[in-house]
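Asker: This is a predicted model, with the sequence first.
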Amino acid sequence: GAVVSQHPSRVICKSGTSVKIECRSLDFQATTMFWYRQFPKKSLMLMATSNEGSKATYEQGVEKDKFLINHASLTLSTLTVTSAHPEDSSFYICSARADSYGYTFGSGTRLTVV
Amino acid sequence: SQKIEQNSEALNIQEGKTATLTCNYTNYSPAYLQWYRQDPGRGPVFLLLIRENEKEKRKERLKVTFDTTLKQSLFHITASQPADSATYLCALPGYSTLTFGKGTMLLVSP
């Protein structure tokens, strides 16, 4: 089946530094990938839609200059949290659409900013 | 605005019993509805999809119903096992991707 690989699974960084999270579709091509953020005991919140070869589409309230998304190939999208602060600490999850209905999710990245 | 509601309280049941989780939605007319399982610190894993013209769908010990009049889906796990303990999310198609409910945590005790 369709597999999405997300790395790293956990990252701790210092306040003010940047962190890059990778999302790869391993056995299918994904022209569109999605980035979510999840707080404890809360639902997944869509942050942005990543489109291969074009700019990402951000949801309302998401700072595009803080959360940089690059989708340079059909199998790789990256999310860079720039100048991270403790309030950016969260669980970030990517997903890709493998077929007409199926969405496959990465295993998530736990970001802790200290 | 569109809303998806799932039982916010955890559901505790004994091994062997049937677990029933509820997903209600408003301001939607979805063509389909999906259920996912999420374990702590992991991404959601797809379980079942049910289309608007389907009343019921089964997969092994899982059963999903979809009542478009009531705007409700029920998710059943029969003969539950401790390994079924997780958070279960329902999801509906949004503008570009899925919109998720908050999920219901299921705890199955031995």
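Answerer: Sure, I can see it. Numbering: from 1, shown residues only, chains lettered A, B, ... in the order given.
Asker: Could you check how many residues crowd around A:Arg37?
Answerer: Residues within reach of A:Arg37, counting by other CB atoms under 10 Å in any protein chain shown, total 20. To be clear about C-beta, it is placed using only N, CA and C from the backbone, and glycine gets the same treatment.
Asker: Please disregard the earlier target; I meant B:Ile50.
Answerer: 20.
Asker: give me every residue that touches it.
Answerer: Going by CB atoms under 8 Å, 6 or more residues apart in numbering or on different chains, B:Ile50 touches B:Tyr32, B:Leu33, B:Gln34, B:Glu56, B:Lys57, B:Val64, B:Thr65, B:Phe66, B:Ser73.
Asker: In contact with the residue nearest to the fourth one when sequence neighbours are not counted: list those residues for me.
Answerer: Nearest in space to B:Glu56, with sequence neighbours left out and distances taken as CB to CB, 6 or more residues apart in numbering or on different chains, is B:Thr65 at 5.1 Å. For B:Thr65, the contact set (CB under 8 Å, 6+ apart) comprises B:Ile50, B:Lys55, B:Glu56, B:Ser73, B:Leu74, B:His76.
Asker: Tell me the one of these nearest chain A?
Answerer: Set against chain A, the nearest of those by CB to the nearest CB is B:Ile50 (10.5 Å).
Asker: Run through the bridge partners of the closest one.
Answerer: B:Leu33 (DSSP bridges).
Asker: what does B:Ile77 give?
Answerer: B:Ala19, B:Leu62.
Asker: which parts of chain B sit against chain A?
Answerer: Within chain B, the positions adjacent to chain A are B:32, B:34, B:36, B:41-46, B:49, B:89, B:94, B:96-103 by CB under 8 Å from any CB of the partner chain.
Asker: tell me the pLDDT at B:Thr99?
Answerer: pLDDT recorded at B:Thr99 is 89.
Asker: scratch that, A:Lys42 is what I was asking about
Answerer: pLDDT, read off for A:Lys42, is 84.
Asker: what does A:Tyr101 give?
Answerer: 61.
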